[in-house]
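Novice: Below are the sequence and a predicted model for it; my questions follow.
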Amino acid sequence: MTDPASRTWADMISANPDHSQFYIERFKQMDREGRDLHGEARLIDAMLGRGAKVLDAGCGPGRVGGRLASLGHHVVGVDLDPELIAEANSVHPTATWVVGDLETFDSVARGSESHFDVVFSAGNVLPFVREDGRAAAVATMARHTATDGRLVIGFGSGRGYGFDAFLADAAAVGMRPDHLASTWDLRPLTDQSDFIVAILSHE
């Protein structure tokens, strides 16, 4: 049996074909309840000039990338789940949403930009990538980050991908941490933190 802490997104869908719709509805319900769903977007927006180029890696239904598009940024979102991409296209039509695998994604081949001012991944995306593909996913995101751009990645612990392993994968493709936090409002990262938000730049 697959360890729940290391299940990929494909594993989740295989176990429950309605998982994608459940995920979509979960955030719609949170929005109806008046929950703050834009903390990640606020941080990303603060790092950008107006009309910047942004890659939302593992975009899901476009919650964060869609918000950034509404603020005037040029957003491309990629996710391997067609149901989530369909929702993103429906709710946030001003951005570009594509079905793709972060291990192999090439924005130029998809007719988009080669490099982005910010590439970001929010919502525990990397732990849902298969274990042998996580380093490749990090490399894909680094490759799409402009020379003077930044890569921003946030995910939780206890999901089969340790923070040290992630930072080693980032270092292996030439990305150095400028700031490591434990929340999207930049609380300090400590040994007890169960979430990381890493802001990285090219060495």
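Specialist: That came through, no problem.

Novice: So which residue is dead centre in the protein?
Specialist: Residue closest to the mean C-alpha point of the chain, counted by Cα atoms, centre = their mean, is residue 121 at 1.7 Å.

Novice: any idea how far it lies from residue 21?
Specialist: For residue 121, the distance to residue 21 (Cβ to Cβ, to the nearest Å) stands at 22 Å. No exception for glycine: its C-beta is placed from N, CA and C like everyone else's.

Novice: Okay, strands next: where are they in this protein?
Specialist: Taking DSSP state E as the criterion, the chain contains strands spanning 53-57, 74-79, 96-99, 116-121, 145-156, 175-181, 195-202.

Novice: Tell me where the model's unsure across this structure.
Specialist: 1-6 (pLDDT under 70).

Novice: try 50
Specialist: 1-4 (pLDDT under 50).

Novice: mind listing the helices for it?
Specialist: 9-15, 19-32, 39-46, 63-70, 82-91, 134-143, 163-172 (DSSP state H).

Novice: Tell me how many other residues crowd residue 106.
Specialist: The number of residues packed near residue 106 is 12, by other Cβ atoms under 10 Å.

Novice: show me what contacts it?
Specialist: With contacts defined as Cβ atoms under 8 Å, 6 or more residues apart in numbering, residue 106 has no neighbours.

Novice: Please name the bridge partners of the closest residue to residue 167 other than its chain neighbours.
Specialist: With sequence-adjacent residues excluded and distances taken as Cβ to Cβ, 6 or more residues apart in numbering, residue 167 is closest to residue 177, at 6.6 Å. Counting by DSSP bridges, residue 177 is bridged to residue 200.

Novice: isn't residue 177 right up against residue 164?
Specialist: No. Contact between residue 177 and residue 164 fails when scored by Cβ atoms under 8 Å: they sit 11.7 Å apart.

Novice: These two: who's more crowded?
Specialist: Between residue 177 and residue 164, counting by other Cβ under 10 Å, residue 177 is the more crowded of the two (15 against 8).

Novice: surely residue 115 meets residue 147?
Specialist: Yes. In this structure residue 115 lies within contact range of residue 147 using Cβ under 8 Å: 7.4 Å.

Novice: between those two, which one's more packed in?
Specialist: residue 115 (16 against 7).

Novice: Distance-wise, check that one relative to residue 144.
Specialist: Residue 115 is 6 Å from residue 144, by Cβ to Cβ.
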